[in-house]
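Q: 3D model of this:
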Amino acid sequence: MPFRLQQSPGLAYLGLTLTTLFWAGNAVVARSVVDTIPPVSLAFWRWVLALVILLPIGLPGIRRHWTVILANWRPLLVLAVFSVSCFNTLLYQAAITTTVLNITLVNSTVPVVVALMAWLLLGDRMRSPQVLGIALALLGMLVIIGRGELATFRRLDFQPGDLWMVAAVLCWALFSVLLRRHQIPLPAFTFLTVQVAMGTLVLLPLYLVDALMLSGGFSLTPAVVPPLLYVAIFPGILAYAFWNHGVHQVGPSRSAMFMYLNPVFAAVLAGLFLDERLSLFHLAGGLLILAGLFLATRSRPAPRPTP
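A: Residues are numbered from 1 along each chain as shown. Now for the predicted structure:
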């Protein structure tokens, strides 16, 4: 990366804490603007703004590594589709019909879904605690999307937003597993810039179809500028930088533990700004997910961040 934060474990822990706070804020913002900014528009303009900020810093790295980018453009494009194009678009779509708490709790299962897909697609070996952890976390996810009622599954009466969020988690897990498979030799900041550029280009036709034929887009007013800037800068660029700095300073295992803060921050922020309240099924599902995360990730590498 073209800049370095001070080499301090304390600053690394602060950055990791802020990262999870920014991720929780991403879901809160998405939920708060569902009546103002359509999901595809929010995702597209988030990445356009992020790209405008990234390009002046990232272009030198792109020029230096242009041959590597050209040689790996196909896997880079696939990775960009699953991460930049799909993940946040699905998350923002989920925010229309589900709560911030559901979004962040389902999203918290990313590490265990990554572990499961790595076993299925890459043949990773899993120990008994990891298997138990995956089972507990997935059970927690089912408790949340079923709202604690078995009748929900018998009637197939799910909230559409919960299913959109499950799709988002699957996309990020596929991205993480494919990233391990391809291991493209690019510096982190160059990789991020290329991913954002490619993912934004993929989103462009979807955005145009949605804005012109489906949702009608949105009006650029002073009220929509702060949420757009927030999702571009904080959960997008800064969370990525802080996460990578934290992993470098304190290691992947300790960094992964900070993911447990995401639903905690989400519960506080959603209560403050959206008047969402915890239900018993949130607590039950959340405890199962956190127990599963502890078992499944305590000896596994940390995944890339989920902005």
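
Q: ok, L132 to L139 distance?
A: 11 Å (Cβ to Cβ, to the nearest Å). For the C-beta atoms, the positions are set from N, CA and C on the backbone; glycine is no exception.

Q: which residues are common contacts for the two?
A: G292 (Cβ atoms under 8 Å, 6 or more residues apart in numbering).

Q: Show me where the stretch 201-307 of the chain has its helices.
A: With DSSP state H, counting those that start in this stretch, the ranges of helices along the stretch 201-307 of the chain come out as 225-232, 239-250, 252-257, 261-273, 280-297.

Q: pretty sure V84 is in contact with V196, am I right?
A: Yes - here V84 reaches V196: they are 5.8 Å apart, a contact under Cβ atoms under 8 Å.

Q: Between those two, which contacts overlap?
A: Between them, V84 and V196 share the contacting residues W47, judged by Cβ under 8 Å, 6+ apart.

Q: Now do the end-to-end distance for stretch 30-48.
A: Using Cα to Cα, to the nearest Å, one end of stretch 30-48 lies 17 Å from the other.

Q: ok so, going back, closest one to E149 among the helices of the stretch 201-307 of the chain?
A: E149 lies closest to helix 280-297 among the helices of the stretch 201-307 of the chain, at 7.9 Å (Cβ to Cβ).

Q: And for S41, the neighbour number?
A: 23 (other Cβ atoms under 10 Å).

Q: host element of it?
A: helix 39-64 (DSSP states H and E).

Q: Who are the packing partners of that helix?
A: helix 88-94, helix 188-209, helix 225-232 (3 or more Cβ pairs under 8 Å, 6 or more residues apart in numbering; DSSP states H and E).

Q: still on that earlier bit, hey, which of the helices of the stretch 201-307 of the chain is tucked in deepest?
A: Among the helices of the stretch 201-307 of the chain, judged by mean count of other Cβ atoms under 10 Å, the one packed with the most neighbours on average is helix 239-250 (a mean of 22).

Q: what packs against that one?
A: Using 3+ Cβ pairs under 8 Å, 6+ apart, helix 239-250 is in contact with helix 9-32, helix 252-257.

Q: looking at the ones you listed, which is closest to Q159?
A: For Q159, the closest of these is helix 9-32, at 13.0 Å, according to Cβ to Cβ.

Q: what is the rounded mean pLDDT of that closest one?
A: Throughout helix 9-32, pLDDT has a mean value of 90.

Q: Equivalent analysis for stretch 200-209, please.
A: Mean predicted lDDT for stretch 200-209 stands at 96.

Q: Name the residues of it that are buried.
A: Using 16 or more other Cβ atoms under 10 Å as the burial criterion, the residues of stretch 200-209 that qualify are T200, V202, L203, Y207.

Q: Many thanks, I have nothing further to ask.
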